[in-house]
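Peer 1: generate a structure from the sequence data that follows.
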Amino acid sequence: MIGVPAGGGVAASIPTRRHSSPTDTLVLACAWTLVAALGSLGAADARAQSFDLRPGRVPTGQFSRSNLFQPASLITAQEAPAEPVHVKAQTTVFIVGAAALAAVGAFQSKLAPSSCRWCDLHPDGTDALNGLDRSVRSGWMWQHPNTANTLSNVVAYGVVPAVALGADAWAAHAAGHGDNFKVDALVIGESVLAAAGAAQILKYATSRLRPYAHARALGEPTEVASSSSDNLSFSSGHAVFAFAMTVSTARVMMLRRYNHAEWVWGLGLPSAAAVGYLRIAADRHYLTDVMASAGIGTAMGLIVPRLAFATPPAGSGSTRSVAIMPGVGGPLVAITCTW
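Peer 2: Below you'll find the model as predicted:
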């Protein structure tokens with residue numbers, strides 16, 4: 001809490017104790033966050049209106065004397081656009097990124113490394129695979145891995161996009177902003193491309209031997225035929241796609257303040273996890289490959305939409321604000337931060 005004495009000026013009214021409790025720590029962090037935030041607001045937004053908290057002075061344009069003593073009168077620090085910024089530039093980036101990934105896929109047979117750098121083999125050719133990946137592969141791999149591979153394609157590139165994009169389109173229409181779906185889909189697509197690009201870089205940089213190829217190197221039988229991607233195990237493009245699609249869609253819906261984003265979280269994340277499981281069952285990836293892919297997809301799904309919406313849409317609940325309420329037992333105006 002930050003107290004404003006009757007004579008003006010801002011003074012911190014945070015008591016100091018020999019042993020601070022968790023509550024004191026939270027209050028102190030809130031106070032310092034507010035101080036830093038108020039300073040950044042003045043520097044970042046020239047249109048932001050200043051306010052004076054001295055007794056008898058009402059901040060201009062933010063609230064009236066009558067609502068000064070409401071339990072929590074929120075002051076929105078800045079107005080936000082309803083659309084992401086730089087849509088044309090984002091469209092260009094999306095097209096260039098999609099073309100680059102398509103080119104890498106088309107020439108994979110020529111670009112893919114012919115030998116592994118991360119082989120999970122000792123110099124004498126014996127097994128060096130870590131225990132976690134070995135035990136999970138042994139327990140999760142299907143008797144017919146090619147069936148699991150087909151199902152992973154259906155879930156990753158069929159079910160997951162249908163759930164995510166369908167939910168966003170329906171929510172945008174229900175909110176009366178059906179035209180937003182085109183821009184939403186662009187931002188979601190950028191998230192997926194960013195995640196897929198990171199996955200491709202990892203694939204070619206690490207050149208990890210796929211599970212079936214590793215088993216074949218040890219002389220074990222496998223139903224999976226060799227391909228140009230034998231040394232592209234880390235990470236899983238399917239899992240990256242599924243997690244990036246799901247998380248970015250839910251994030252966009254939250255930034256747009258659409259209803260029912262929880263349906264995307266609730267249905268999309270289990271579907272994305274199922275994709276990861278099926279990739280292991282198909283003997284195409286290890287658990288560590290899938291875990292890394294989930295992290296990449298989730299990170300890009302959170303970061304890219306937040307960058308695309310440089311300022312959250314109006315009413316998104318993400319705008320910076322402070323709450324002002326009267327103090328009790330003294331001439332103080334209490335300020336709590338909602339950041």
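Peer 1: tally of neighbours for the closest residue to Arg117 other than its chain neighbours?
Peer 2: Residue nearest to Arg117 in three dimensions, not counting chain neighbours: Ser207, with 4.0 Å by Cβ to Cβ, 6 or more residues apart in numbering. For the C-beta atoms, the positions are set from N, CA and C on the backbone; glycine is no exception. The number of residues packed near Ser207 is 20, by other Cβ atoms under 10 Å.
Peer 1: I'd say Ser207 and Trp118 touch.
Peer 2: Yes. Counting by Cβ atoms under 8 Å, Trp118 is a contact partner of Ser207 at 6.1 Å.
Peer 1: check what pLDDT the residue nearest to Arg117 gets.
Peer 2: Predicted confidence (pLDDT) for Ser207: 97.
Peer 1: now Ala99: which helix or strand?
Peer 2: Using DSSP states H and E, Ala99 maps to helix 87-106.
Peer 1: elements contacting the helix or strand harbouring Thr246?
Peer 2: According to DSSP H and E, Thr246 maps onto helix 237-255. Applying 3 or more Cβ pairs under 8 Å, 6 or more residues apart in numbering; DSSP states H and E, we find helix 237-255 packed against helix 160-174, helix 180-206, helix 261-281, helix 287-308.
Peer 1: coming back round to it: mind listing what the residue nearest to Arg117 touches?
Peer 2: Residues near Ser207 by Cβ atoms under 8 Å, 6 or more residues apart in numbering: Pro113, Ser115, Cys116, Arg117, Trp118, Asn231, Leu232.
Peer 1: ok, Glu190 touching Thr91?
Peer 2: No. Between Glu190 and Thr91 there is no contact under Cβ under 8 Å: 9.3 Å.
Peer 1: quick one: which of these two has more around it?
Peer 2: Higher neighbour count among Glu190 and Thr91: Glu190, with 24 against 14, using other Cβ under 10 Å.
Peer 1: kindly provide the distance from Ser227 to Arg284.
Peer 2: Per Cβ to Cβ, to the nearest Å, Ser227 is found 10 Å from Arg284.
Peer 1: who's more crowded, those two?
Peer 2: With neighbours defined as other Cβ under 10 Å, Ser227 and Arg284 compare such that Arg284 has more, 26 against 13.
Peer 1: contacting residues for the more buried one?
Peer 2: Pro145, Asn149, Ser152, Arg210, Pro211, Tyr212, Val224, Ser233, Ser236.
Peer 1: compare the residues you listed and tell me which is most surrounded.
Peer 2: Ser236 (30 neighbours).
Peer 1: where does pLDDT dip in the stretch 201-339 of the chain?
Peer 2: Across the stretch 201-339 of the chain, the ranges flagged by pLDDT under 70 are 310-339.
Peer 1: before we move on, back to that, between helix 261-281 and the helix holding Thr246, find me the angle.
Peer 2: Interaxial angle of helix 237-255 relative to helix 261-281 (axes from the mean of the first three to the mean of the last three Cα atoms, to 10 degrees): 170 degrees.
Peer 1: tell me the pLDDT of the closest residue to Ala299 other than its chain neighbours.
Peer 2: The shortest distance from Ala299 to any residue other than its chain neighbours is 7.8 Å, reached at Ala195 (Cβ to Cβ, 6+ apart). Note on Ala195: pLDDT of 97.
Peer 1: neighbours of Ala195, how many?
Peer 2: By the measure other Cβ under 10 Å, the count of residues near Ala195 is 31.
Peer 1: likewise Val163?
Peer 2: So Val163, with other Cβ under 10 Å, has 20 neighbours.
Peer 1: thought it was touching Ser271?
Peer 2: Yes. Using Cβ under 8 Å as the test, Val163 is close enough to Ser271 to be in contact (6.4 Å).
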